[in-house]
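Visitor: structure of the sequence below:
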Amino acid sequence: MAAAAGAECRDALKLSGARFQPLPDIAKPSKKGCGIPHGVLLTRGPTGIVYSPPLQVDCSLALRLADIERVVQGEAEAHLSSPISRISTLGSYAC
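Guide: Okay, the predicted model is just below:
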């Protein structure tokens, strides 16, 4: 069941234009809270923003990044007169 939901999400993410690698599907985090159901390693978001290093997130969050990226791009255009091409991250997942 987890793999089916993960596959559907990843199909939608692929159609969004994002670039990613799927992570192994798990039904839920371990007893220690580790693991990402339907995880992906996202290198480029739906609007073309590159994440460096890549984001290790749940696929459903990766899909929602399109909305966040549009806000970021709007603010960048308004305040910097230029779009954002890369976001340097401090990491996205640790267990």
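Visitor: ok, and what's touching stretch 19-39?
Guide: Contacts to stretch 19-39, defined as CB atoms under 8 Å, 6 or more residues apart in numbering, come from residues 1-3, 5-6, 9-10, 13-14, 40-44, 54, 56-60, 62, 93, 95. Every C-beta, even on glycine, is put in place using the N, C-alpha and C of the backbone.
Visitor: write the PyMOL selection for whichever of these are buried.
Guide: The PyMOL command for the buried members of the contacts of stretch 19-39 (criterion: 16 or more other CB atoms under 10 Å) is given here:
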select buried, resi 6+9+10+13+40+41+42+44+54+56+57+58+59+62
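Visitor: can you give me the strands for this structure?
Guide: Remark: strands assigned in the chain by DSSP state E are 19-22, 39-44, 50-58, 86-88.
Visitor: turn these into a markdown table, including distance to residue 69 and mean pLDDT.
Guide: As requested, these are arranged in a markdown table below (distance: least, CB to CB, whole Å; pLDDT from 0 to 100):
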| stretch | distance to residue 69 | mean pLDDT |
| --- | --- | --- |
| strand 19-22 | 13 | 96 |
| strand 39-44 | 10 | 95 |
| strand 50-58 | 10 | 93 |
| strand 86-88 | 9 | 92 |
